[in-house]
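A.B. asks: 3D, please:
(one chain, ligands or ions: 2)
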Amino acid sequence: MKIYMVGGAVRDRLLQRPVHDTDWVVVGASPEDMTARGFTPVGRDFPVFLHPETHEEYALARTERKSGMGYRGFVVHTAPDVTLEEDLARRDLTINAIAAPADWTGAEDVFDPYHGQADLQARVLRHVTEAFREDPVRILRVARFAARFTDFTVAPETLQLMREMVDAGEADHLVPERVWQEISRGLMEAQPSRMFEVLRACGALRVLLPELDRLWGVPQRAEYHPEVDSGVHAMLVLDMAAQLQSPLSVRFACLCHDFGKGTTPAEMLPRHIGHEQRSARLLQGVCARWRVPNDCKELADVVAREHGNIHRSGELNPAAVLRLLERCDALRKPARFAEALLACECDARGRTGFEDRPYPQRQRLQTALDAALAVDTAPVAQAAAQRGLKGPAIGEAVASARQQAVAQAL
Ligand SMILES: Nc1ccn([C@@H]2O[C@H](COP(=O)(O)OP(=O)(O)OP(=O)(O)O)[C@@H](O)[C@H]2O)c(=O)n1
Ligand SMILES: [Mg+2]
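C.D. replies: Ligands and ions are numbered 1, 2, ... in the order given. Okay, the predicted model is just below:
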């Protein structure tokens with residue numbers, strides 16, 4: 001048997017980027033050979049094994065043939081006579097189809113029958129062969145790589161192939177968990193807008209996330225939004241979230257916050273009265289479809305509902321500020337509220353010409369929350385009870401103490 005380093009590890013080292021995990025391919029071995037050497041089989045769909053010590057993934061060289069629609073719609077052929085070249089041919093992109101010796105230091109020659117090095121140099125994401133079609137998750141992978149490798153373009157013939165796959169209905173059969181897995185990874189890349197632009201260009205966005213796709217072509221008021229187009233704005237917000245190193249929950253909230261602008265009645269345009277409620281409803285559908293984790297869903301909901309109020313919070317008096325904090329459940333969930341404020345800053349600065357404008361609302365509401373949280377409520381409640389107050393009246397005494405604290409802090 002012969003073992004080669006493949007995939008992201010070879011690509012990233014050639015790009016002089018940090019290597020996180022290493023994928024290996026094994027040529028000339030049977031599953032029995034692998035278990036005899038102490039490897040543990042882990043692949044459900046593919047013959048993949050874990051190394052007894054490093055626990056890295058070793059895949060037997062294989063070919064794949066399509067047998068149906070969607071992820072898992074293919075049969076795998078693996079045998080000791082499948083060559084390295086054949087295995088590389090069924091991989092997604094030329095830059096991911098370079099093999100290196102197992103003990104590669106980065107200096108020795110690599111095996112590169114599909115010219116992945118040339119595409120690394122030319123900064124191109126290009127499919128290896130027609131076998132690309134066999135796994136529609138690759139549409140999402142290409143989009144995600146575009147968000148990561150921001151100076152790479154998708155080869156026209158690859159985009160065309162992706163378009164054909166979408167037209168053939170391949171994107172309709174993607175497993176929701178896999179979609180979220182890829183989308184959430186892409187959101188965490190350097191320029192997440194590029195993922196959605198690639199998905200949009202091949203038609204997959206209309207299938208996977210029509211709530212976002214609809215935003216292009218929908219105008220907003222130019223005095224608030226010089227970029228005018230709602231889709232363009234959504235992308236600016238997302239890239240601002242990446243620029244400000246936001247966590248996934250914030251990036252997801254940014255993605256969803258204006259969905260409601262896509263369903264604004266035509267006669268209301270370019271105004272979007274009530275889009276916050278519509279966004280909140282639409283994002284529930286997306287979260288159910290993709291089984292989005294609760295922390296992402298809950299933050300997205302708060303941001304969708306309250307972003308307009310947070311933007312306008314500079315005009316609010318202390319009582320209204322406290323009501324805003326309460327609507328956001330900020331006193332019980334201060335960390336989530338801090339994330340909502342960050343998402344709102346991304347929204348405000350994700351506008352053409354506003355990128356470097358300060359967003360004082362964030363600090364002001366954070367100060368108000370800190371002041372409200374600092375109120376020691378037990379003695380306030382006790383004093384109210386001693387004055388003969390009961391139930392809701394005690395609650396009002398606590399609220400009024402918090403309001404005073406907020407007023408003093410602002
Ligand atoms: N749908 C897929 C998934 C993976 N691969 C191949 O398997 C390798 C390893 O897959 P994975 O670790 O998921 O991706 P990487 O390219 O290593 O990228 P990352 O940095 O995200 O790990 C890829 O490089 C590619 O050759 C593929 O062809 N098609
Ligand atoms: Mg990898």
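A.B. asks: just the pLDDT at residue 21, thanks.
C.D. replies: With respect to pLDDT, residue 21 scores 89.
A.B. asks: quick check, it in a strand?
C.D. replies: No. Residue 21 is assigned coil when assessed by DSSP: H, G, I helix; E, B strand; the rest coil, not a strand.
A.B. asks: which parts of the chain sit against ligand 1?
C.D. replies: 7, 8, 23, 91, 92, 96, 97, 135, 137, 138, 141 (CB under 6 Å from any ligand atom). (Glycine included, C-beta is placed from N, CA and C.)
A.B. asks: okay, and the beta partners of the residue nearest to the first one when sequence neighbours are not counted?
C.D. replies: The reference is to residue 7. Leaving aside its sequence neighbours, residue 7 sits nearest to residue 23 (CB to CB, 6 or more residues apart in numbering; 3.9 Å). Residue 23 has these beta-bridge partners by DSSP bridges: residue 6, residue 57.
A.B. asks: contacting residues for residue 23?
C.D. replies: By CB atoms under 8 Å, 6 or more residues apart in numbering, the contact set of residue 23 is 5, 6, 7, 8, 9, 56, 57, 59.
A.B. asks: tell me what the host helix or strand of the last one is packed against?
C.D. replies: Assigning secondary structure by DSSP states H and E places residue 59 in strand 57-60. Of the remaining helices and strands, those touching strand 57-60 by 3 or more CB pairs under 8 Å, 6 or more residues apart in numbering; DSSP states H and E are strand 23-27, helix 31-36, strand 48-50.
A.B. asks: any part of that strand near ligand 2?
C.D. replies: No. Interface with ligand 2: strand 57-60 contributes nothing (CB under 5 Å from the ion), its closest point being 8.1 Å away.
A.B. asks: can you give me the helices for the stretch 101-250 of the chain?
C.D. replies: Assigned by DSSP state H, counting those that start in this stretch, the helices in the stretch 101-250 of the chain fall at 116-122, 137-148, 156-167, 176-187, 193-201, 204-208, 210-213, 230-243, 248-256.
A.B. asks: in CSV, list the ones you listed along with mean neighbour count and mean pLDDT.
C.D. replies: Below are those laid out as CSV (neighbours: other CB atoms under 10 Å; pLDDT from 0 to 100):
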stretch, mean neighbour count, mean pLDDT
helix 116-122, 17, 98
helix 137-148, 24, 98
helix 156-167, 17, 98
helix 176-187, 18, 97
helix 193-201, 23, 98
helix 204-208, 22, 98
helix 210-213, 20, 98
helix 230-243, 23, 98
helix 248-256, 27, 98
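A.B. asks: dump those into TSV; add distance to ligand 2 as well.
C.D. replies: As requested, the helices of the stretch 101-250 of the chain are arranged in TSV below (distance: least, CB to the ion, whole Å):
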stretch	distance to ligand 2
helix 116-122	15
helix 137-148	11
helix 156-167	20
helix 176-187	12
helix 193-201	18
helix 204-208	22
helix 210-213	28
helix 230-243	21
helix 248-256	20
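A.B. asks: to ligand 2, which of the helices and strands packed on strand 57-60 lies closest?
C.D. replies: When the helices and strands packed on strand 57-60 are ranked by proximity to ligand 2, the top entry is strand 23-27, at 4.8 Å, counting by CB to the ion.
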